[in-house]
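K.L.:
predicted coordinates and the sequence they were generated for:
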Amino acid sequence: MTKKFNFDVTATDGRARTGVISTPRGEIRTPAFMPVGTAATVKAMLPESVRATGADILLGNTYHLMLRPTAERIARLGGLHRFMNWDRPILTDSGGFQVMSLAGLRKLTEEGVTFKSHIDGSRHALTPERSMEIQALLGSDIVMAFDECTPFPSDEATARRSMELSMRWARRSREAFGDRPGHALFGIQQGSVYRDQRQESADKLREIGFDGYAIGGLAVGEGQATMFEVLEYAPAMLPEDRPRYLMGVGKPDDIVGAVERGIDMMDCVLPSRSGRTGQAFTRFGVVNIRNARHQDDPRPLDEHCTCPACRNYSRAYLHHVNRAQEIIASMLLTWHNLHYFQELMQGLRDAIAEGRLAAFVSDFHARRAEGDI
Ligand SMILES: C=CCOC(=O)Nc1nc2cc3[nH]c(NC)nc3cc2c(=O)[nH]1
């Protein structure tokens, strides 16, 4: 009998909690940050390097993989874990969000979404059923329901129509997912910034029944203050014995604020994408390595950091290879950023386990300069 999917809360501090998600492919320590491996790779990183930063799970994107190399080809080659040489848990998104933000010529109906590939213009369709089939072909451990991410801002009527469509798609996702021991299906709460709609969405998802619950429709331009307003009430609407996943978040201070409000899982392209543009996150704030002031600086990005970039290279070197557009610049800054994000998560987990989250958070804010350092 394959091992089950399980979630155990191990400690709480206010609304924050630590826990462990057990899957057949390994355990996920929560609160967890998931690096994004869009096209079957965390850009500029080897899988063993991603693991070395402390990641227990990474994210794959249905939209990209269904277009290239196709889910069927990945299945024929043994599934996404084998294909990308990552044998720990993988969460795949359902494709809805990226179709709306990347694809051309989209047509949205009750059935699903048809669209043109941004790669070669070919026509494709995504429905809850097809999304479940693709995610099963990929072999991901945590599957996301097919939803529509309600754009921000949306008036109440528009948000309601979108949320109600997503809830009908959530039920179809659940039915199409079937019974797959060791694999999890997460539902996604919508309802934009409307508390009553968030409640209705949460109630509908509970009725359908999921292994975990995501909070969708945030980090879509509403700003941190509005996001935190929604997070004051939305997490508690979801079952407390199941993982709560906030999608697309975020900057370090977004992450800290979300964990304080009861979030267990997050994902964001920020550390990897900004690493490629020369932006380094540190405990003191953000270093833009492209700035000329670093060109003679022999110090590491952060002398407290134990990542390969900080142990072996100067800011002057990182400035040089970034300006010269050398591949190693993306490698070192991505590794540093993912290491910093995972170190932040470990700090949060330790602080919650020891009941000193408030002190950790005030120390986190006290250290950080506002602008670039
Ligand atoms: C991995 C994701 C699994 O979720 C889905 O398949 N659907 C979905 N994805 C989102 C992704 C988001 N990224 C941001 N900001 C960068 N906001 C997001 C909101 C959603 C959402 O409401 N739904």
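P.N.:
On my side now, so go ahead. Everything numeric in this text was worked out from a predicted model, so none of it was measured.
K.L.:
now for the residue of the stretch 251-373 of the chain found nearest the ligand: which residues touch it?
P.N.:
The ligand sits closest to residue 267 of the stretch 251-373 of the chain, with a gap of 5.6 Å, by CB to the nearest ligand atom. (Each C-beta comes from the backbone N, C-alpha and C, glycine too.) Residue 267 makes contact with 33-36, 59, 91, 245, 247-249 under the criterion CB atoms under 8 Å, 6 or more residues apart in numbering.
K.L.:
let's see 7 Å
P.N.:
Contact partners of residue 267, counting by CB atoms under 7 Å, 6 or more residues apart in numbering, are 34, 36, 59, 247-248.
K.L.:
number of nearby residues for the closest residue to it other than its chain neighbours?
P.N.:
Nearest residue to residue 267 in three dimensions, chain neighbours excluded: residue 34, at 4.0 Å (CB to CB, 6 or more residues apart in numbering). For residue 34, the count of nearby residues is 22 (other CB atoms under 10 Å).
K.L.:
next: the one 5 residues further on.
P.N.:
When neighbours are counted by other CB under 10 Å, residue 39 registers 13.
K.L.:
ok, residue 116 next?
P.N.:
Neighbourhood size, residue 116 [other CB under 10 Å]: 15.
K.L.:
okay, and the beta partners of it?
P.N.:
residue 104, residue 123 (DSSP bridges).
K.L.:
so who does it touch?
P.N.:
Taking CB under 7 Å, 6+ apart as the test, what residue 116 contacts is 103-105, 123.
K.L.:
top of these by neighbour count?
P.N.:
Highest count within the contacts of residue 116 by other CB under 10 Å belongs to residue 103, 20 neighbours.
K.L.:
quick one: residues contacting it.
P.N.:
Per CB under 7 Å, 6+ apart, neighbours of residue 103: 115-118.
K.L.:
cool, residue 34 as well?
P.N.:
By CB under 7 Å, 6+ apart, the contact list for residue 34 reads 57-59, 91, 265-267.
K.L.:
make JSON lines out of those residues and add secondary structure and pLDDT.
P.N.:
Formatted as JSON lines, the contacts of residue 34 follow (DSSP: H, G, I helix; E, B strand; the rest coil; pLDDT from 0 to 100):
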{"residue": "57", "secondary structure": "coil", "pLDDT": "98"}
{"residue": "58", "secondary structure": "strand", "pLDDT": "98"}
{"residue": "59", "secondary structure": "strand", "pLDDT": "98"}
{"residue": "91", "secondary structure": "strand", "pLDDT": "98"}
{"residue": "265", "secondary structure": "strand", "pLDDT": "99"}
{"residue": "266", "secondary structure": "strand", "pLDDT": "98"}
{"residue": "267", "secondary structure": "strand", "pLDDT": "98"}
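K.L.:
now residue 203, nearest residue through space, not along the chain?
P.N.:
Nearest to residue 203 is residue 237, by CB to CB, 6+ apart, at 7.9 Å.
K.L.:
quick check: pLDDT value at that neighbour.
P.N.:
pLDDT for residue 237: 99.
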